[in-house]
Every structure is written in C-alpha cells, then in structure tokens.
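Colleague: any chance you can model this:
(chains A and B)
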Amino acid sequence: MRQRRDRRLDEIEGLYRSRFPYFVQVAQAVVGDRERAVEAVQDGFVDAIRGHAGFRGEGSLEAWVWRAVVNAALKATRRPLVEVGGEFDDAYEVPRSVFEASPLVASLPERQRLVVFLRYYAGLDYRAIAEALEIEVGTVSASLATAHASIRKALLEVDADG
Amino acid sequence: MVDVDALILGELELVSPLGGFEETNWAEVLDRAQGRRRALSRRRLLIALALLGLLVAVLLATPAFGVRSLILDLFGRTNIAFKATKPAPTIVLRQFAELGVGAPPSMAPQAIVSEARTVTTFHVNGKSHTLWVAPTRRGGFCWTLSEVIGGCLNRSDLARAYRNFKVPKGDVHPELLSLSFVAVSPSSSLVGDVEGVVLTTKATRLTAEFRDGSSLDLPFVFVSPPINAGFVYWAVPRAHRASSTALRAITARDAHGDVVARYVFLPIKQVHIHVQPPKPGAPLPPPPSPLGFHIPAPTAPFQRGSADGASITVGSNGVVVFDTTGVSTVRKALLTGRLGVGCFTIAHDQLGIWPRELTVLRGFGPIIKIRLFGVPHPYDGCEIEATYGHTWPDKFGSHGAVEIPLTATGSTFFADRAAARDLALFVRSKRGHALRSENGASAQRDLAKIGPRLVRLASPAATPPVGKIGYAITTSGIVFVEESETGKRFDVVIENGHIKRQNIKPYGFVF
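Modeller: The predicted structure follows:
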C-alpha cells in the first residue's frame, strides 16, 4: 500500500514537472493573471498530494489532478467552488483581464469556458475533461460543440466585417 | 479550408499565453502538503510591504534625510538612448512587419523592421510587459507593449493636426499626450490602467491628478531619436478606483514646472444612435463594394498561373483576379458560403519559414476579384479555401480547394503544408487523441484498424511512403510521421499521453 502511494506521489510530481506551463495556462484563464495562476497551481497540487489517498484509481490520475487545480483556481476567484456533482451556474465572475483579452471567450457560460480551456490549453480528451469537471462525457461533447459553434460564428463574422 | 481551430487557439492565446517552467517550485508544494508554512506567507509579505511603505513615507516627508530627490527619480522620466537598446527578438520583428498587412499604402505604418528595438519592461498589476519600438519610413514610429497594446504614430500627420487645430492661447495641444485606458470594470467609466505616448520632448514629469485633489508622479521612459517620444504604462492604485477619488487627468510638465501637455479623462457617455428605417417603396441604395472601395484592374508587370480549373492574374498593385469558370463540379460543391481567398509570399528568418499572407472572405463566383495590401510582391502562390470544416481524412487531401502556385517556392509550400496538415488533422482527431493514452499492444491493435492510410514503421527514425502516415510505437508512446512530396519530413512525438515534440508549425498545429 505504501509503495503504491509513493508511486502515486511520483506520478503527481511527474505531472507537475512535465505539464506545469499548461496547468498555469488554464489557471490563468480562470483567475485572470499569471501570479495568482501560479499560486492556484501550487494550491491545487498541495490539495492533490494531501488528498491523493482518496484517489481510488477509477479514472485517470491526471484528470483527478486537473480537477484539484481547476478547483483551486476557481477558489482563488474568491467565489464558490464547482461543487462535486453540483450545477455550473456561472458561479464565478470572469476576470477583467480575460474579458479585455477576449470578450468572446468571456461571454461563454462557465462550463463551456472550462471545457474549452481543458480541451485546447491542456489537450485533454473528452473522458479526461469529464473526469476533471465531474460531468458526463456527453456533456463535454455538447458543451464543446456549442462553444465551438459560438466562437466560430462570432470569429467568422468579425473576420467578414473586418 | 479556414482553420477554425486555429482561430480559436489564437483567441485563447490572447486570454492566457503559454509560459515556461521558470516558476516551478515542487519543494514548496511538498512543504505545504506536509503542513509546513510557506517561506513568506502572503499576509506576512503584505505586512512587510506596508512597513516598507511607511518607512519610505517617513523618508520622503523628512527632507533632512536627503533621500527625497533620490527616490522621486524613480517616479520621473528615465531617458533611454535608442542606439544603446538591444535589437528586438525575431518574433517581434514579424509583428512589426505584419502591421502593414491589409492596410492601403497611404495608411500603412511602414515600420523599419530591421531597426526594431527592445526598450524596457514595465511591471504592472504583477505582470511584466516589454516595450518594443521601431521607427517608420514615414517619419514616425510604431510600438508594442507585450500583452497590452501597440500602435503607430506618423509625425507628419501629427504636424498637420497641429497646424489645423487651433489651440487657445495659454492652453496646450491635446495630442501631445496620446493616452488610452482600460476601465476598472466593463461597466465602469473609472480609469483602471493607463497606457500611452508622450510626444513632447520637454516633458520631464508626468503627474496623475485625482478627483479628491491628490496627485502622484508617474514613471515613464523617453526614447531618443529616431523615436523621440515617451512611453508610460501604469495601473491606477486601488485607493483611486472609486468615484470620489478616481483619476481625473494626467499632466506633463517641463523642467520649470510649466504644463506642456495634458489629458483629461472625461466620463464616458453612452451614445444612442437612431437609424431611420427606409420608407416602404423607396429605392434601395446601391450595395456597397465588399471592400468599401473600388478595386481597380491589375497593373503590369503581371503574374499569371492556373491550377485546379482556376486561373489567376496578379497585378503588381496587389489586385488578384480569379477566373473559376473551369473549376470542377465536385470542387464547386464544396466552395459554398464564405471562402478564404488570398495570396502569400514565403520568407525565411531565424525562426524558419515565414509565410506572409493575407486572406479575405468572399463568396464564390465565376470571377473573384480581391486587392491585397502589405503582402510583399511578387507572390509565391494564391488560393481559395473552403470553410466546410476540418476532419481527417480531409476531402481535398488537406489541400485548399484551389491552390495556384506562382513559383517553385509556392509549389513546395502547398505540398509541405498539405502533408503537415494531414498529419496534424489525424493527431488532433478523436481517434488520434484516444490513441495517446494507449500502450503498445492496444495501440497497435487500434492503429491497425484505421486502415491503409496508416503504416507501421520499423523505427521512429524511419519515413513512410508519400501519402501515408507512419507510426512507430515506443516504450513511452507513439511517433507519427508523414513525408511531403518534396521530401520534407514531419513528425509528432507522443510520450506519456502528451505531445512531447512536433515540427508541424507554421504549416498547421496540433494539440
């Protein structure tokens, strides 16, 4: 049992060392600035290590760590977390810097935004995104398709107008 | 094929650009996870900063200490000699070069890219922003502040504005301080961050004036000729982000304390524009030109080319006429909706190949006429890309619907891009993503199911036949390889479920 835990800690460290910029990229998109994003990633990994005994191996460890980091980033916005099994209801305010950088991305509902971040920044597949956000795979697919359509439509319209 | 994923990635890059590994601190994670406190907690850091601030305030308020002028220098003008600055990095040179893409010659800034320099770094809101500048052939300059803003100013336009703009006696010209700002929040008119340019060499101090009567000197840099302008980027302190204490104006003063420029931040007012609907039965106005102006005929010397049933005539004035009457019915069926129509020239710099291109959106027709500005002439190729989407395998073999090379370089680019895009589309596809998490035996089984387009390689260094995607299963993942008709080899190395290395850019992208 102890060996398994040590191995899991090694795996978490491996994720930290190999994927750090991507964790920060997603966290920054949630919290709005790089300094707080780095803090959120640190917080997420602290939570992941403290709670790794609770990881039962039912999904991927990476998705589970992503969940910890996303939750830490959401917590850093000083708004309620995405509750386990709860509803996404635009619980956190879109940071000003995100709004300024891309009103289009900022205008997406929270769940779509998070799905887009995890898909494009983190490169996670649908199943991993579903595990990270504790939603159904079908919900990931639908959220991504809707977000994709909204962004595509708006960008092509802007392009055409421009 | 307009790559919508690329557009989305571009938008996301604005929100959160990818950084590096500099800030990793695994030791801190472990310490905190084991219950130890941070080396310096945020709260303790704030207390320390508050004490430091108190000390500075005491020193400033007490001339006897003799440090007042020393400290104030930090908040005044810093002169920077243009010739002493370092050249800007290649990626910034590209940005300056592309400022003119799409702009008619009379409006193009014409930045002298080879003269672009790295000036300084502003630290605002906890982030670092680098300032780069470049003089222009029109006697002005362009600047860009990383992750914030950029622009160009033309001194002859400004001089004309000075002549035509009558400034009351005793007042100062409003254009000498060219500022832009970001509001505290999207719904607020209070100023949050201020960025701008100081256009009078006399300015030695910039002072922020607040509605509560207080003021604060701001740091700014002044770059010597050929730029000959100052730059400021500053965040309004939290205490001045309320209505009663908000920023009112920024004033530039000379060495004698006289005001030489002033910018007043006026409250933003909502403007409602009422558009009168046309009367029933009234004749409709003529439809506007798609570009908003008349496109002339192409002028000599011409470039001509044909392929995929279409032919083009390219004028040295950037006008391109596509004759698509010979395009096959199969291709026409896909050329629906908005199409990406454009041309490119291939350049090379330290970063490698650099396609300089401009694409405009147009509907399909027997004759499509466009005018391109800012793409260096003569062109290496032109194309019409359909916007039907992007799945693997692509309907046109990852080629554009109509690709017309004008030079050997153009032919090479089209061939290399098709191979790179084909590989990228596969790696990005649902199947490609699913394969990343599989190990040797199951990966081999699933790869074999995909069909004859995929072939197994003897080793990761091997190359598949042209038109096939090769794969080699390694101890930690999979290597995918595709070779272009020109012999250029593209590969994507997957390790532990993630892309470790790839050479698809700038032809395509993978994630």
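Colleague: and the helices in the stretch 401-511 of chain B?
Modeller: For the stretch 401-511 of chain B, the helices defined by DSSP state H, counting those that start in this stretch cover B:408-428, B:430-436, B:440-450.
Colleague: out of the helices and strands in chain A, which is least certain?
Modeller: None of the helices or strands of chain A scores lower by mean pLDDT, DSSP states H and E than helix A:96-101, at a mean of 67.
Colleague: so A:Phe55 is in contact with A:Ala63, correct?
Modeller: No: using CB atoms under 8 Å, A:Phe55 makes no contact with A:Ala63, being 10.1 Å away. Yep, even glycine has a C-beta here, placed from its N, CA and C like the rest.
Colleague: tell me which of those two has more neighbours.
Modeller: In terms of neighbours (other CB atoms under 10 Å in any protein chain shown), A:Ala63 is the more surrounded of A:Phe55 and A:Ala63; the figures are 20 against 17.
Colleague: beta-bridge partners for B:His498, please?
Modeller: On the basis of DSSP bridges, B:His498 is bridged to B:Glu495.
Colleague: helix/strand/coil for the residue nearest to A:Arg113 when sequence neighbours are not counted?
Modeller: Nearest non-adjacent residue to A:Arg113, counting by CB to CB, 6 or more residues apart in numbering or on different chains: A:Val105, 6.6 Å away. Assigned by DSSP: H, G, I helix; E, B strand; the rest coil, the conformation of A:Val105 is helix.
Colleague: check contacts around A:Val105.
Modeller: A:Ala29, A:Val98, A:Arg113, A:Val116, A:Ile151, B:Glu11, B:Leu12, B:Val15 (CB atoms under 8 Å, 6 or more residues apart in numbering or on different chains).
Colleague: which of those fall in helices?
Modeller: Per DSSP state H, helices hold the following members of the contacts of A:Val105: A:Ala29, A:Val98, A:Arg113, A:Val116, A:Ile151, B:Glu11, B:Leu12, B:Val15.
Colleague: which one in the residues you listed is the model shakiest on?
Modeller: Ranked by pLDDT, the ones in helices among the contacts of A:Val105 bottom out at A:Val98, which scores 69.
Colleague: right, and B:Ala443 touches B:Ile473 too?
Modeller: Yes: between B:Ala443 and B:Ile473 there is a contact under CB under 8 Å: 5.6 Å.
Colleague: tell me which residue of the stretch 51-200 of chain B lies closest to chain A.
Modeller: B:Gly126 (4.2 Å; CB to the nearest CB).
Colleague: now the residue nearest to A:Arg34 when sequence neighbours are not counted: how far from B:Ser185?
Modeller: Spatially, and ignoring its direct neighbours in sequence, A:Arg34 is nearest to A:Gln28 (5.4 Å; CB to CB, 6+ apart). Distance, A:Gln28 to B:Ser185, by CB to CB, to the nearest Å: 19 Å.
Colleague: could you list the low-pLDDT ranges of chain A?
Modeller: Residues of chain A that meet the criterion pLDDT under 70 lie in A:1-5, A:57, A:78-101, A:154-162.
Colleague: quick revisit: what is the burial count for the residue of the stretch 51-200 of chain B closest to chain A?
Modeller: B:Gly126: 10 surrounding residues under other CB under 10 Å.
Colleague: my guess is it contacts A:Glu35. True?
Modeller: Yes: counting by CB under 8 Å, B:Gly126 touches A:Glu35, with 4.2 Å between them.
Colleague: how many residues are close by B:Gly150?
Modeller: B:Gly150, neighbours per other CB under 10 Å, totals 17.
Colleague: for the residue most central in space within chain A, which three-state class applies?
Modeller: The residue lying closest to the centre of chain A (CA atoms, centre = their mean) is A:Val70, at 4.4 Å. Following three-state DSSP, we place A:Val70 in the helix state.
Colleague: tell me where the model's unsure across chain B.
Modeller: Using pLDDT under 70, the flagged stretches of chain B are B:1-7, B:20-22, B:36-75, B:157-175, B:267-280, B:282-293, B:388-390.
Colleague: what residues does B:Ala111 make contact with?
Modeller: Going by CB under 8 Å, 6+ apart, B:Ala111 touches B:Phe96, B:Ala97, B:Leu99, B:Gly100, B:Ala134, B:Pro135, B:Thr136, B:Cys142, B:Cys152.
Colleague: in space, what's closest to the first one - neighbours in sequence excluded?
Modeller: The shortest distance from B:Phe96 to any non-neighbouring residue, by CB to CB, 6+ apart, is to B:Ala111 (4.3 Å).
Colleague: tell me the phi and psi of the one you found?
Modeller: phi -60, psi 140 (degrees, to the nearest 10).
Colleague: break down the stretch 151-300 of chain B into its helices, ranges please.
Modeller: Using DSSP H, counting those that start in this stretch, helices in the stretch 151-300 of chain B cover B:155-164.
Colleague: which parts of chain A are helices?
Modeller: Under the criterion DSSP H, chain A contains helices at A:2-31, A:34-50, A:61-76, A:96-101, A:103-106, A:110-116, A:126-133, A:137-161.
Colleague: and B:Asn137, how far is that from A:Val46?
Modeller: Asn isn't right for residue B:137; it's Arg. Applying CB to CB to B:Arg137 and A:Val46 gives a distance of 55 Å.
Colleague: the more surrounded of the two?
Modeller: A:Val46 (19 against 10).
Colleague: adding mean neighbour count and distance to chain A, write the helices of the stretch 401-511 of chain B out as TSV.
Modeller: Shown next, in TSV, are the helices of the stretch 401-511 of chain B (neighbours: other CB atoms under 10 Å in any protein chain shown; distance: least, CB to the nearest CB, whole Å):
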stretch	mean neighbour count	distance to chain A
helix B:408-428	22	9
helix B:430-436	18	4
helix B:440-450	13	14
